[in-house]
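> sequence and predicted model, in that order:
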Amino acid sequence: MKYAKIFLYLMASFFLMIISSCGKEEETELSFYHWETRFELSEDESVFLEAQDVDELYIKFFDLVVLPNQEIAPVAMVDFVDVPTQRIIPVVYITTAVFSEIDSAAIQKLAHQVYSAIELHYPHEELAEIQIDCDWMTSIKDRYFYFLSCLKNENAAVVLSATVRLYQYKYPNLAGIPPVDKGVLMYYNMGTLTAYNETNSILNNKTGQAYLGFGSYPLPLDFALPRFSWTLRFRFGQFVQIMPTLEEPELKDTCVFELEPSGYYRLKMDTLLDGSFLRQGDEFRFESCTEDELIRAATLLKSEKNQDHTKLIFYDLNPSIIYEKDKINSVFTAF
Amino acid sequence: MKKIKLILFLLLFSRLQTGFSCSYYPYGEDIRICLFSSNLADEEMSVFYYSTYFLSERIQDGLEGPDANLNEWYAYFKGQFSKETIDQLIYLSEFDNFFPALTKNELYQHFKAGNDRDVADYLQFAKCVEYILEIDFWSDREFDRTNATKAYEIAVSSAKKTKNEILQLRYAYQAVVLGYYLNKREDVHTLFTETILPLKSNSIITEWARFYDACMLENELERYLIFARLFEQTRSKNEYIYKHFPRDKETHEKVLAICETDEDRANVIALTAFMNPARGLEEIKQITKLNPENSLLDVLLVREVNKMEDWYFTNRYTNYGMAIDNGWWDEKKEMFTFVDAVNFEKDKRYLKEVIEFCEQTVKKNNQINLPLWHVSLAYMNYMSGDQADMEKFANLAEQNCADSTMLGELKSIRLLATVQHQTNWSDDDQNELLIRLQELDSFRKHIYNYDHFKGQIMLAISRQFLEDENPVMAALFEGQVEGRTVEKYTDWNSSTYQTFNLLNEHATSSDMDAFFDVWKTPNKTDLEEFLFRDLEPYKWRLTDLWATTYLREDRLEKALEIYETIPDSVWQITNHDLHYYYNRELDVNPFETSFMTTSFFRDRSVIYTKPEFVREILRLKKEVKENPKQRSFNYMLLGNAYYNMTINGNSWYMTEYFMSRYSYEGSSGQNRSYYTGERALHYYKLAEQNSKSPEFAAFCYRLQYKCLLLKNTYTNYRASPSEFMKRFKAKYPAYADDLYGCDYFDYYFEKYKEA
């Protein structure tokens, strides 16, 4: 009888355990990067963010660059015209040049300066997380990683996260693993923007897929997806420039452009546009992210999740977001 | 920054790929051709020189502070102290270690001795204001409003107290600056109108004060109008003004509408003209008409010439225009060539238009900077190929010109024009050319970015020789292209390789004969001595190219004769600084039947150096003539040898040096078979015809199919593979199916024994 009770007890515990584990769902959270130098939300944008339950925003505070006089300085500092009601995760974008010629003492000082500058400009009370965005490569890896360690030492209570590119994600043994608490896999800019035979350099799931499915990355990961478009200019098949403000409707103006079978828009006349002298025959490739491709991307990334609570962060937040509510929802649902 | 971020991201990945000029780099300033020195016009406007960047690089004259202010202090002290001394004290010292750090500075000693105490006090106060307003992004220090207010009050009271008018102006100016940062709009305006303007000073300080006053004007259009005036009259605030001036035409029109004088209209048009990277002749015409004395006209004229030479020369000289993947080539080449021709015609017409306008202007208008307009006309006429007018305007320029930059530019224009028009180069002509080239160096300090400029002069000369179908001289001048000039033949390791690269693409065997004739002659001209001076260490590499041009032309005896002059050890050398990668590349049997199957792929058991390879081909050719035994097989080996020398072969390096777009465009003129496989096809046909074994004959027919595929891939030739297979089946019905795939290649190949 005693054993029967124990058996029943164990069975009940096991059953409860199964029930509780079945009920434990993976959580996902929607967020956005804000990459402009002026933080100012329209009412529509605020309503949108509230409706989407966006509690957190990744806001780029400044870029860290090497000035022509070789001084390392923060530029393009964000100006908070509005103070966001959401939690803020400050992001600092660092050019690789910063780490090309810097010694350890200077790195320590730089980490302190960066932390202080973030604290100084942080509009809320408590700083919970800092994110560093740097496309590190082998040649600067050690210096960049040392910088991250120093930054973490500034305040161990603050979560430190770093962006991870697809290459770094697939080859952690070659690229190294940044000494941070967590990472964000940037699932965009995966093609060769300058290549004439590229079709979409922003988001190409065929390319992206090749970097996925290689085992769990050693850091807890969130994921970033693109929501931007641009037009790329080519002359004689040679990439010339990015034209971010040239939109597809303008390219469809047949008085000015002619659509080629290859998908390029060819300029029919010499013209001046956005401060650039465009020549007859210049070709333009419009690149954007369709809902279908983004859903496909979200589905692919789903199987890369390695934590219970994962964020899907869209790059970036701008006024056009209010027209993409359904698209964002569909992608988020697929994630 | 988003763009920079993306570019860096892409650059990382682009390094994983190979290619020649297919990637993002080089572009813009790396390749822009500029043979007309931008600093012919005002160097203080250097950031506004034509550039593919948003703004150009600032030319530093060695002084930290603006010339206008330094000149005023220099005059104040009646030349007692050099501008460098004044600059050091005013602009290089810091507030917290002001005088102590400058104990050897003569002006400091002057002050220390008790002289001009009021000036010393003012300068110390100005440094203090500078410190208060200093922005340090890293610092926790916020704008020091308390001290700024105190300083403002001191500046106002000092401006009132001092009897020295110059210091009165400067204290008032400091008050204006501080008032601007303290947002005292009314006070700033009052100070400017009631303290500064009544002084009627011509000092630059008045204009700087006007700038701060304008910045606080509520009426935007009035502010822009004052900005436009200041842009023309001063230099040190121009970058700020340029960046803060609206870019839309509508506002420009509105600002023009409130202008009351032609001078102001010219100022507004001039400022907006700097925002135009396209054709700007209309703006220049309007400014010339409204105010020919506008100080920006010169900069705009030079800028316009720089634009035209960019459109005219950059793609043609550097070949960084068409960079497309081979797959697109046939489809797009025609369109790109057409577009290029259309745009070039438009550029020629525009150049003519600018020349006509400038000619009329110099005839009618003596208020303009005539020497500069004459130099510009000389250069534009060089561009258009008009030797007589080039000479005419160069002479006119020289008559009134004492400016070293202009004299240097005239020398380079004459030099370029000489190369453009000279047809026969006597020894004296050559030596004269060298003297002129060397003379250019004496203008090193005066010509903008001289090393780059000189490199581009060499490039222009090289391209002129190339256009004149003289690849020897073109290659020799190509070897002189240095100074960060990036172009099609650029080699980062050694400019001598540029000589090699150009010859590799353009030289026939007779060109190479001529090249070596000059090299070997003991009686070289001075120019030839100069051009050949660095080539000796690269002798064997160039000799290899010489023999290879014969090999490309299938003139094997001559090729072998030259190859045999190269020591055997060269083919084994591992030092690739001077030699090609022979030991690495010559590692497969060039006579193998090259198929992508295990038994016919990359036979490394037998390898040949280039002379051994040519010797063996010659032997086989003799053998097939003289000996009927294994004739079919030997023909097949010859076919293999020629096939393996094609772009698809296992020994393409026998006749080429680069497997890239570069070689694709490269020596195809002399090495047609590299893309067509026609020589291989010839021998495979002979192998088929001479075979006694029908199986081996069928095999040799199958080998011809490879040549057809090659020609299909790399030329405009279009033949249907299915048609070929039909013919194959008709001719060899029993074997065609077997040989369609690769499973039976071994079996059919072995039939050579019965052939």
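Arrived safely.
> mind listing what residue 160 touches?
If you meant another chain, say so; for now it's chain A. Contacts for residue A:160 were tallied using CB atoms under 8 Å, 6 or more residues apart in numbering or on different chains; they are A:129-132, A:148, A:151-152, A:180-181. (Each C-beta comes from the backbone N, C-alpha and C, glycine too.)
> domain ranges for chain A, per the record?
For chain A, automatic domain parsing gives the domain ranges A:26-227+A:288-334, A:235-278.
> for those domains, which one sits closest to residue B:177?
domain A:26-227+A:288-334 (22.8 Å; CB to CB).
> got a pLDDT number for residue 184?
Unless you meant another one, I'm taking chain A. Model confidence at residue A:184, expressed as pLDDT, equals 97.
> you answered for a different chain; I wanted chain B.
95.
> now do it: how many residues are near it, please.
18 (other CB atoms under 10 Å in any protein chain shown).
> repeat for residue B:572
Residue B:572 has 12 neighbouring residues, counting by other CB under 10 Å.
> quick one: contacts for it?
For residue B:572, the contacting residues are B:582-583, by CB under 8 Å, 6+ apart.
> tell me which of the domains of chain A sits most buried.
The densest packing among the domains of chain A, expressed as mean neighbour count by mean count of other CB atoms under 10 Å in any protein chain shown, is seen in domain A:26-227+A:288-334 with a mean of 18.
> now tabulate the domains of chain A in TSV and tack on distance to residue B:219.
Formatted as TSV, these follow (distance: least, CB to CB, whole Å):
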stretch	distance to residue B:219
domain A:26-227+A:288-334	24
domain A:235-278	26
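> can you tell me which of those is nearest to residue B:224?
Using CB to CB as the measure, domain A:235-278 is the one of these that comes nearest residue B:224, at 18.0 Å.
> looking at the domains of chain A, which is nearest to residue B:336?
domain A:235-278 (4.8 Å).
> anything in the closest one near chain B?
Yes. Contact between domain A:235-278 and chain B is present through A:235-240, A:242, A:244, A:270, A:272, A:275-277 (criterion: CB under 8 Å from any CB of the partner chain).
> for the chain, which residues score under the pLDDT cut-off?
Looking at chain A here, since you left the chain open. Residues of chain A meeting the criterion pLDDT under 70: A:1-25.
> ah, no, chain B please
B:1-27, B:95-101, B:139-142, B:320-331, B:596-602, B:660-669, B:716.
> okay, now the residue lying closest to residue B:608 once chain neighbours are set aside: neighbour count?
Closest residue in space to residue B:608, ignoring its immediate chain neighbours: residue B:590 at 5.9 Å, by CB to CB, 6 or more residues apart in numbering or on different chains. Residue neighbour count, defined by other CB under 10 Å, stands at 28 for residue B:590.
> and the strands in the stretch 201-335 of chain A?
With DSSP state E, counting those that start in this stretch as the definition, the stretch 201-335 of chain A shows strands at residue ranges A:221-226, A:230-235, A:238-243, A:257-259, A:265-267, A:271-273, A:276-278, A:283-287, A:309-315.
> around chain B, which positions in the stretch 1-150 of chain A sit nearby?
By CB under 8 Å from any CB, the part of the stretch 1-150 of chain A that sits against chain B consists of A:35, A:62-63, A:65, A:73-77, A:93, A:95-96, A:113, A:116-117, A:120, A:133, A:135, A:137.
> where do the helices sit along the stretch 101-250 of chain A?
With helices called from DSSP state H, counting those that start in this stretch, the stretch 101-250 of chain A shows them at A:104-121, A:138-154, A:166-170, A:172-175, A:205-209, A:248-251.
> got the contact list for the third one?
What that stands for is helix A:166-170. Looking at what lies outside helix A:166-170 - CB under 8 Å, 6+ apart - the contacts are A:136, A:175-176, A:185-187, A:190, A:208, A:211-212, A:214, A:217, B:12-13.
> TSV for those residues, including distance to residue B:439?
Listed next are the contacts of helix A:166-170 as TSV, based on distance: CB to CB, whole Å:
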residue	distance to residue B:439
A:136	50
A:175	54
A:176	55
A:185	61
A:186	56
A:187	60
A:190	54
A:208	59
A:211	58
A:212	64
A:214	64
A:217	64
B:12	45
B:13	47
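> and the furthest pair within those?
Checking the contacts of helix A:166-170 with CB to CB, the most distant pair is A:176 and A:208, at 21.3 Å.
> before we move on, the earlier item: now the helices of the stretch 101-250 of chain A as TSV including distance to residue B:280?
Supplementary listing: these in TSV, determined by distance: least, CB to CB, whole Å:
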stretch	distance to residue B:280
helix A:104-121	42
helix A:138-154	42
helix A:166-170	44
helix A:172-175	48
helix A:205-209	43
helix A:248-251	24
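> give me the beta-bridge partners of the residue nearest the centre of chain A?
Residue closest to the mean C-alpha point of chain A, counted by CA atoms, centre = their mean, is residue A:224 at 4.3 Å. Note on residue A:224: beta-bridge partners by DSSP bridges are residue A:186, residue A:313.
> where's it relative to residue B:319, distance?
Summarising the geometry, the distance separating residue A:224 from residue B:319, computed by CB to CB, to the nearest Å, is 39 Å.
> also residue B:121?
As judged by CB to CB, residue B:121 and residue B:319 stand 63 Å apart.
> how about residue B:700?
With the distance defined as CB to CB, residue B:700 ends up 41 Å from residue B:319.
> cool, and residue B:592?
Distance of residue B:592 to residue B:319, given as CB to CB: 36 Å.
> for the two, indicate the residue with more neighbours.
Neighbours of residue B:592 and residue B:319, each counted by other CB under 10 Å, are more numerous for residue B:592; the result is 22 against 19.
> list the residues that contact residue B:237.
Applying CB under 8 Å, 6+ apart, one finds that residue B:237 lies in contact with B:208, B:211, B:230-231.
> let's see 7 Å
In this structure, residue B:237 makes contact with B:208, B:211, B:230, judged by CB atoms under 7 Å, 6 or more residues apart in numbering or on different chains.
> as TSV, those with secondary structure would be great.
Output for these, formatted as TSV (DSSP: H, G, I helix; E, B strand; the rest coil):
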residue	secondary structure
B:208	helix
B:211	helix
B:230	helix
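> which one of the residues you listed is nearest residue A:27?
residue B:211 (56.6 Å).
> and the closest residue to the closest one other than its chain neighbours, how far is that from residue B:735?
Of all residues not flanking residue B:211 in the chain, residue B:237 sits nearest, at 4.9 Å (CB to CB, 6+ apart). When distance is defined by CB to CB, residue B:237 is 86 Å away from residue B:735.
> now residue B:201
Distance from residue B:201 to residue B:735, counting by CB to CB: 102 Å.
> more neighbours, these two?
Taking residue B:201 and residue B:735 together and counting by other CB under 10 Å, residue B:735 has the greater number of neighbours (23 against 18).
> next, count neighbours for the nearest residue to the more buried one once chain neighbours are set aside.
Excluding its sequence neighbours, the residue lying closest to residue B:735 (CB to CB, 6+ apart) is residue B:698, at 3.9 Å. Number of residues near residue B:698 (other CB under 10 Å) recorded here: 23.
> list the contacts of residue B:698.
For residue B:698, the contacting residues are B:732, B:735, B:739, B:748, taking CB under 7 Å, 6+ apart as the criterion.
> any chance of the residues you listed in CSV, plus secondary structure?
Converted to CSV, the contacts of residue B:698 look like this (three-state DSSP):
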residue, secondary structure
B:732, coil
B:735, coil
B:739, helix
B:748, helix
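> looking at those, which one is closest to chain A?
The shortest distance between chain A and any of the contacts of residue B:698, using CB to the nearest CB, involves residue B:739 and amounts to 34.1 Å.
> pretty sure that closest one contacts residue B:703?
No. At 9.6 Å, residue B:739 and residue B:703 do not qualify as touching, with contact defined as CB atoms under 7 Å.
> and these two? Which one has more around it.
Neighbours per residue, other CB under 10 Å: of residue B:739 and residue B:703, the larger number sits with residue B:703, 25 against 22.
> and residue B:35, which of the domains of chain A is closest to it?
Using CB to CB as the criterion, the shortest distance between residue B:35 and these is 19.8 Å, found for domain A:235-278.
> many thanks, I have nothing further to ask.
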